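> got a predicted structure plus its sequence, pasted below:
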Amino acid sequence: MSIATVSRVLNNPDLVARATSEKVQRAVRELGYRPNLFAKSLLSKRSRVIGVSLPDIHGEFYAELMHAADRRARELGYHLLVSAGAHQTDTDDATPGGSFALDLVDGLIVMLTERSRADLEAIANLNIPAAVIGCDRPGARVETITYDNILGAEQATEHLLEGTPPERCYFVGTHRGNLDSDDRARAFCDALRARGHEPEDDQVAYGEFTFEWGWDWATARMDADALAGAAVFAANDEIAVGIANAARERGLEMPRDVRLVGFDDSRICTLLRPEISSVRIPIPELASEAIDALVRRIEHPEQDPKHTRLATSLIVRDSSRIGAGA
């Protein structure tokens with residue numbers, strides 16, 4: 001049997017007689033043969049590999065995002081190559097996606113989280129199909145997929161204000177310049193102003209997206225005897241869990257003594273007792289939209305880029321529900 005026939009069976013089986021195809025497939029299974037993707041790419045000019053540049057790969061959010069992205073990519077016949085750290089400010093290469101050998105991938109998905117790195121024009125100029133998660137600009141020449149931080153943060157703050165006066169509400173976020181945290185902090189402050197209260201300096205705190213920062217913030221508040229009776233909106237679920245654990249360590253109960261809402265609605269929210277309220281980002285949909293957007297750019301580059309914005313929604317659980325556990 002000729003090499004050409006075997007190639008047709010592996011790449012275009014519909015062009016080969018069924019009996020011949022079955023013989024080739026049986027030999028492939030017996031020999032344990034696996035096609036070399038990079039050798040195939042020399043002929044097709046396609047690697048069928050998608051690069052994904054993330055600011056980090058730690059935590060429930062990124063794990064769920066990549067799990068869903070990998071599933072959708074495989075459905076479309078692509079593989080993922082994931083890199084973290086391309087957005088760090090101490091890296092020598094400040095170009096978005098700079099940590100990738102771009103000639104190995106058919107396209108690149110970049111997640112942007114820092115205002116200082118939100119250069120969509122630079123990504124559009126990479127001369128490779130690209131899609132961006134987390135940032136959009138009018139007239140952007142790349143596919144963008146964002147989620148509505150403002151809507152979710154407004155819902156969370158209004159929920160806390162239903163049972164707690166605005167002067168006793170707090171926002172605990174990450175460092176200034178983070179796109180998500182800045183949006184959520186702004187929506188929190190605007191909601192307090194709408195109630196006639198100008199936020200005090202200590203009502204908005206800046207740290208990092210970590211358990212440790214949530215713990216440290218809550219501990220400092222309790223040392224000042226200033227956490228009991230408060231309502232706290234944390235910029236992500238890891239911060240919220242750190243606050244919850246610190247409060248529990250000092251004997252404060254949720255929601256009787258402290259009301260708490262996180263952001264992302266990751267799996268950890270349902271692992272604690274009481275379960276933690278959180279703003280849900282539709283992470284599986286976010287991942288699928290990003291993969292679909294990039295594949296669209298790869299396979300139909302003549303089409304205009306789309307700009308997709310996903311809704312967020314508050315999921316109320318016992319950590320913030322008025323009257324829960326009473």
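On my side now, so go ahead. Just so you know, these numbers come straight off a predicted model, no measurement behind them.
> which of the helices and strands in the protein ranks last by mean pLDDT?
helix 37-44 (a mean of 47; mean pLDDT, DSSP states H and E).
> can you show me the helices along the protein?
Taking DSSP state H, the helices of the chain run over residues 3-11, 18-31, 37-44, 60-75, 120-124, 149-161, 179-194, 211-223, 237-249, 283-299.
> buried ones in stretch 124-142?
For stretch 124-142, burial by neighbour count (16 or more other C-beta atoms under 10 Å) applies to L126, I128, P129, A130, A131, V132, I133, G134, C135, D136, A140, V142. No exception for glycine: its C-beta is placed from N, CA and C like everyone else's.
> V49: how many residues sit nearby?
17 (other C-beta atoms under 10 Å).
> my read: it touches Y78, true?
Yes - counting by C-beta atoms under 8 Å, Y78 is a contact partner of V49 at 6.9 Å.
> shared neighbours, the two?
D106 (C-beta atoms under 8 Å, 6 or more residues apart in numbering).
> would you mind giving the domain segments of the chain?
3-35, 44-147+282-311, 149-281 (automatic domain parsing).
> where does the stretch 51-200 of the chain have low pLDDT?
The stretch 51-200 of the chain contains residues with pLDDT under 70 at 85-103.
> at 50 instead, please
Counting by pLDDT under 50, the ranges of the stretch 51-200 of the chain that qualify are 86-92.
> ok, back up a step: could you say which of the helices of the chain is packed most deeply?
Ranked by mean neighbour count, the helices of the chain are led by helix 237-249 with a mean of 24 (mean count of other C-beta atoms under 10 Å).
> and it, what other elements does it pack with?
Counting contacts by 3 or more C-beta pairs under 8 Å, 6 or more residues apart in numbering; DSSP states H and E, helix 237-249 packs against helix 60-75, strand 169-174, helix 211-223, strand 230-234, strand 258-264.
> quick one: closest of those to R195.
Closest of the helices and strands packed on helix 237-249 to R195 is strand 169-174, at 9.3 Å (criterion: C-beta to C-beta).
> run the angle between that closest one and strand 230-234 for me.
30 degrees (axes from the mean of the first three to the mean of the last three C-alpha atoms, to 10 degrees).
> can you list contacts of strand 169-174?
With C-beta under 8 Å, 6+ apart as the criterion, strand 169-174 contacts 157, 160-161, 181-182, 184-185, 188-189, 192, 202-209, 213-214, 217, 221, 230-236, 239, 243.
> so how far is it off the chain centroid?
20 Å (C-alpha atoms, centre = their mean, to the nearest Å).
> ok, stretch 123-136 next?
16 Å.
> span of that stretch from start to end?
With C-alpha to C-alpha, to the nearest Å as the measure, the first residue of stretch 123-136 is 12 Å from its last.
> same check, this time on stretch 140-156
30 Å.
> from V132, how far off is R168?
Distance from R168 to V132, counting by C-beta to C-beta, to the nearest Å: 38 Å.
> before we move on, what about D70?
D70 is 19 Å from V132, by C-beta to C-beta.
> picking that back up, need the buried residues of stretch 124-142 in a markdown table (columns: distance to E64).
What follows is the buried residues of stretch 124-142, written out as a markdown table (distance: C-beta to C-beta, whole Å):
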| residue | distance to E64 |
| --- | --- |
| L126 | 27 |
| I128 | 26 |
| P129 | 25 |
| A130 | 23 |
| A131 | 18 |
| V132 | 19 |
| I133 | 13 |
| G134 | 15 |
| C135 | 20 |
| D136 | 22 |
| A140 | 26 |
| V142 | 24 |
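> L272: what's it in contact with?
Contacts of L272 (C-beta under 8 Å, 6+ apart): V241, A244, S319.
> 6 Å instead?
The contact partners of L272, by C-beta atoms under 6 Å, 6 or more residues apart in numbering, come to none.
> next one: phi and psi at it?
phi -90, psi 160 (degrees, to the nearest 10).
> distance of it relative to F61?
For L272, the distance to F61 - C-beta to C-beta - is 17 Å.
> please apply the same query to A27.
Taken as C-beta to C-beta, the span from A27 to F61 is 45 Å.
> excluding chain neighbours, what is closest to A69?
Nearest residue to A69, sequence neighbours excluded (C-beta to C-beta, 6 or more residues apart in numbering): A287, at 4.0 Å.
> would you agree that neighbour is in contact with A68?
Yes - A287 is within contact range of A68, at 3.6 Å (criterion: C-beta atoms under 6 Å).
> so what's the nearest residue to F188 once chain neighbours are set aside bridging to?
Take F188 and drop its neighbours on the chain: the residue closest to it by C-beta to C-beta, 6+ apart is F171, 4.3 Å away. Per DSSP bridges, the residues bridged to F171 are V204, F233.
> near F171, how many other residues are there?
26.
> next: D56.
The tally of other residues near D56 (other C-beta under 10 Å) stands at 14.
> so what's it up against?
A84.
> so which of the helices of the chain gets nearest S313?
helix 149-161 (6.9 Å).
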